[in-house]
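In: how would this look folded up:
(2 chains)
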Amino acid sequence: GAVVSQHPSWVICKSGTSVKIECRSLDFQATTMFWYRQFPKQSLMLMATSNEGSKATYEQGVEKDKFLINHASLTLSTLTVTSAHPEDSSFYICSARDVPTAGDTQYFGPGTRLTVL
Amino acid sequence: RKEVEQDPGPFNVPEGATVAFNCTYSNSASQSFFWYRQDCRKEPKLLMSVYSSGNEDGRFTAQLNRASQYISLLIRDSKLSDSATYLCVVNMGSGSGNTGKLIFGQGTTLQVKP
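Out: Predicted coordinates:
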């Protein structure tokens, strides 16, 4: 199946700093990528839908000025957590759709575990 | 009411047992349905799509009941390696307007014991 990578796989940072997470589709072009967040013992919650060349669509309750999303190419989307605080500590996962080949199927990246001290 | 509801479990079963998970969804306009598997501290991986006629993949059988807005997953002859969290997932879009937005259930934890 299609491969999606994320970098970094884990990061520890101080409160107040910004953290950038990259999501890449390695063997297909993804016009749409999705960013999810998962807190311990909870399910994945969609944060935003990232469309190549246009602004991201954020879910209700997700601050767009805090979670900056850039989808500059068909294979790369980035999520920047600005001024991170301990409550932002979570598992951030991206996914990408390979619509021409796989229709609705979304391929998930391995996730980035963020810990804010 | 949650958009996708699952019994979180855990389900503790012996090897070789048959176990069934259920899931209900609230939006009757939902079009696509999936079961994903998530291992501890890993990303979800697609287990199988769920079709209206029901479908089987080896030891796994998925069923969809649109009238009751209910999805099920049956695992036969459980293996130790089946231990994981099983996520019921619904795609809310349809047709050309399909945004691909997936709604995840809380997940059902399965622990298969020797």
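
In: which secondary structure element of the chain has the lowest mean pLDDT?
Out: In the absence of a named chain, this looks at chain A. Using mean pLDDT, DSSP states H and E, helix A:99-102 stands out as the lowest-scoring helix or strand of chain A, at a mean of 60.

In: try chain B instead
Out: Using mean pLDDT, DSSP H and E, the lowest element in chain B is strand B:102-104, with a mean of 90.

In: can you classify residue 72 as helix, strand or coil?
Out: All of this refers to chain A. strand (DSSP: H, G, I helix; E, B strand; the rest coil).

In: in the next helix or strand after the least confident helix or strand of chain B, what counts as buried?
Out: Sequence-wise, the next helix or strand downstream of strand B:102-104 (DSSP states H and E) is strand B:108-113. Judged by neighbour count (16 or more other C-beta atoms under 10 Å in any protein chain shown), strand B:108-113 contains these buried residues: B:Thr108, B:Thr109, B:Leu110, B:Val112. Every residue, glycine included, has its C-beta placed from N, CA and C.

In: same deal with stretch A:74-87?
Out: Buried, per 16+ other C-beta under 10 Å, within stretch A:74-87: A:Thr75, A:Leu76, A:Ser77, A:Thr78, A:Leu79, A:Val81, A:Ala84.

In: quick one: it near chain B?
Out: No - figure legend: stretch A:74-87 not in contact with chain B (C-beta under 8 Å from any C-beta of the partner chain); closest approach 13.6 Å.

In: roughly how far is that stretch from the heart of the chain?
Out: Centre-to-centre, stretch A:74-87 and its host chain are 7 Å apart (C-alpha atoms, centre = their mean, to the nearest Å).

In: quick one: end-to-end length of it, please.
Out: 31 Å (C-alpha to C-alpha, to the nearest Å).

In: which secondary structure element is home to A:Arg113?
Out: strand A:112-116.

In: tell me which residues are up against that strand.
Out: A:6-15, A:19, A:21, A:81, A:84-93, B:41 (C-beta atoms under 8 Å, 6 or more residues apart in numbering or on different chains).

In: inside strands: which ones of the residues you listed?
Out: Using DSSP state E, A:6-7, A:10-13, A:19, A:21, A:81, A:90-93 are the members of the contacts of strand A:112-116 that sit in strands.

In: closest to chain B out of the residues you listed?
Out: Closest approach to chain B among the ones in strands among the contacts of strand A:112-116 (C-beta to the nearest C-beta): A:Ile93, at 5.4 Å.

In: in contact with the closest one, which residues are there?
Out: Counting by C-beta under 8 Å, 6+ apart, A:Ile93 has contacts A:Gln6, A:Trp35, A:Tyr36, A:Arg37, A:Gln38, A:Leu44, A:Phe108, A:Gly109, A:Gly111, A:Thr112, B:Glu43, B:Pro44.
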